[in-house]
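> no sequence on this one, just coordinates:
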Ligand code: GLA
């Protein structure tokens, strides 16, 4: 009788030639068929016993039109033989051979990690597939390392991290995130039909247009609480690609992910290897809500730089919307004094403090304090900010240069370009070729100097345009397309070195809003700028989409002035409550606020501090979606279950219909909760209510008019 499963995260079942990866609630199985090919066998609910697994099936020997399609679960398919689906690896050898057939060579298990080594049937070209298991979050990480041990150059034309398969069948639904500048992370849902759907970036960074995250459910039947949901994400901030494929003959849905092979070519010299981006996959048997909570926990516990010792995000003030480029010592000090009064903990000066930067037309690249605006450098401002009890942060856009800058006049060749061709500007700027090591060292040097000479504890790292004319004329032609990968690697390296040298430094990733949010940059930054659109009603949708893939802890959300850029005005309370659902920031012009605004803001900031651990480190339940009705409601439950915060928003009053009943989730049915409101919007004035009543009887709120909102805090009684 086969052995019952042990608790190992990775185990090999020799009789079946199957490897099993186990998380707390899921299993993932890979097997070898009788031709020594690696197949994906299972991904879903945890299978408790070894006898629940089956060996890999054989590939049919004889060719027919559909033969490659009848075995479509290759774990890491090379492009060769009779292979017609999206390959994981495609190569050309120096002698012209383009046939690649990968078979099992060996494997090694080290605790939570499995490495399976594949080899081409003839050449000494190896692929090391590394799997790491994250048991608590039901997530597995795949990564592939391609190793050239042949005596010739092997040019990689597509290098993917791997493939995730869902069980064969029809009727799956894809959920993904799309958007644009000022309208990021919009949730899209569509049926998966035969053919390929490509989600990708060709822009050099993660992009606003599509985010490297997906979720798949069966027949579109999963909701927030129910149904099987498979999800995945890439950890890469450069050109990436996810190919969602439904193979017509077998109805096998698979998602291949890794480096975008568009304009990709990587000549691997003898002895060299290339690592692909981490590709994460997870499974929830309880709908999208749980899938998101698993991702949130995973990011907080495993990805973010403070994952070993998490700390809470401070309340931030950023002067951008108040001053734009018009910054100076006196003006910033005045804002800082007002920000400190309402409880701000981190004061960030945005664009405009350096070079001859009075508009977006000049100065980028000249990371030296503008002495007209700051005659005595930044020290007087920073020590004033510190004396008010706040940390100081500063904006940089290190990867960019304005043609009207000293840096560009000195080094025009540092901007990426094809010699003799136009250099297309966007926001009057060009992209520095960060793939070049001399450019990387220069940028590291100027940032390091600023951080060493000033008490800067936070950097907002911006990137306000995408690549154009991505030429790299200084290296041999065959290596020029490496720019896409090497650029991102060098940006990562600069950030990693800055953090190592300045251990208390925190970083915000911004790219004209939320253009650089992915699991690669999140290993290096503490917060991300969600969107340049800070209009609270639009934000409800942007933030909802964001929360499908990313934890609210890192979701920078500001309260700004109205009317916002879309012309809408919402009450200050509504703006605060929207922003309090993430990492709260304030970006309004505090010089224009009334005493009433100050009073409300002070109260809201203090309320936020009381619930921020619940918001940032707790479990999110999306109760009413802003996409679906007239009310949005989100509930956050602290990780110890002692506190819950319910945010509710009425979009617009329709006739005299009352807002629908809100059923809370994630509470202890038998416990009693003390209810605190900020504004008495509860229809029933009860003070202590059972978890059971809150979840099954629900709460009714007196929300009325347009953009009404409230916050209810529940404290579990002892
Ligand atoms: C980008 C950012 C903004 C601000 C400006 C400064 O647009 O997204 O928040 O920093 O740049 O120029």
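It's in. Model, not experiment: these values are computed from the prediction.
> for the ligand, what are the nearby residues on the stretch 451-600 of the chain?
462, 464, 510, 512-513, 529, 532 (Cβ under 6 Å from any ligand atom). Heads up, the C-betas are built off the backbone N, CA and C, glycines and all.
> could the residues you listed go into TSV alongside pLDDT?
Conversion of these to TSV gives the following (pLDDT from 0 to 100):
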residue	pLDDT
462	98
464	98
510	98
512	96
513	96
529	98
532	97
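> what's the ChimeraX line that selects buried ones from the residues you listed?
Here is the ChimeraX selection string for the buried members of those, based on 16 or more other Cβ atoms under 10 Å:
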select :462,464,510,512,513,529,532
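> looking at the residues of the stretch 451-600 of the chain next to the ligand, which are in strands?
In strands, defined here by DSSP state E, the members of those are residue 529.
> make a markdown table from the residues of the stretch 451-600 of the chain next to the ligand and add distance to residue 481 to it.
What follows is these, written out as a markdown table (distance: Cβ to Cβ, whole Å):
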| residue | distance to residue 481 |
| --- | --- |
| 462 | 26 |
| 464 | 24 |
| 510 | 27 |
| 512 | 25 |
| 513 | 28 |
| 529 | 30 |
| 532 | 31 |
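> and the residue of the stretch 51-200 of the chain nearest the ligand?
Closest approach of the stretch 51-200 of the chain to the ligand (Cβ to the nearest ligand atom) occurs at residue 181, with a separation of 8.4 Å.
> wait, doesn't that residue sit right on residue 532?
Yes. With contact defined as Cβ atoms under 8 Å, residue 181 reaches residue 532; the gap is 6.6 Å.
> find residues that contact each of those two.
Counting by Cβ atoms under 8 Å, 6 or more residues apart in numbering, the shared contacts of residue 181 and residue 532 are 512-513.
> can you pull out the helices in this structure?
Taking DSSP state H as the criterion, the chain contains helices spanning 287-298, 320-323, 329-341, 379-387, 406-410, 437-453, 483-501, 536-549, 572-579, 595-617, 691-692.
> closest to residue 474 out of these?
Ranking these by their distance to residue 474 (criterion: Cβ to Cβ) puts helix 437-453 first, at 9.3 Å.
> now the closest one: average pLDDT?
Taken as a whole, helix 437-453 carries a mean pLDDT of 98.
> how about it: buried residues?
Taking 16+ other Cβ under 10 Å as the neighbour-count basis, helix 437-453 is seen to contain the buried residues 439-440, 442-444, 446-447, 450-451.
> and it, what does it pack against?
Helices and strands touching helix 437-453, as assessed by 3 or more Cβ pairs under 8 Å, 6 or more residues apart in numbering; DSSP states H and E, comprise helix 483-501.
> got the buried residues for the helix it packs on?
483-495, 498-499.
> ok, now stretch 80-93?
80, 83, 85-93.
> start to end distance for it?
With Cα to Cα, to the nearest Å as the measure, the ends of stretch 80-93 fall 13 Å from one another.
> could you do stretch 351-358 as well?
End-to-end distance of stretch 351-358 (Cα to Cα): 9 Å.
> ok, and the closest non-adjacent residue to residue 185?
Distances taken as Cβ to Cβ, 6 or more residues apart in numbering place residue 545 nearest to residue 185, at 3.4 Å, with adjacent residues excluded.
> export the buried residues of stretch 80-93 to CSV and tack on distance to the ligand and pLDDT?
Written out in CSV, the entries for the buried residues of stretch 80-93 read as follows (distance: Cβ to the nearest ligand atom, whole Å; pLDDT from 0 to 100):
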residue, distance to the ligand, pLDDT
80, 45, 95
83, 43, 89
85, 39, 93
86, 34, 96
87, 37, 97
88, 35, 98
89, 37, 98
90, 37, 98
91, 40, 98
92, 41, 98
93, 45, 95
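> can you tell me which of those is nearest residue 600?
Looking across the buried residues of stretch 80-93 and measuring by Cβ to Cβ, the closest to residue 600 is residue 86, at 53.5 Å.
> phi, psi of the closest one?
phi -60, psi 120 (degrees, to the nearest 10).
> now do stretch 223-231: distance from first to last residue.
OK, stretch 223-231 end separation, Cα to Cα: 14 Å.
> sweet, I'm off.
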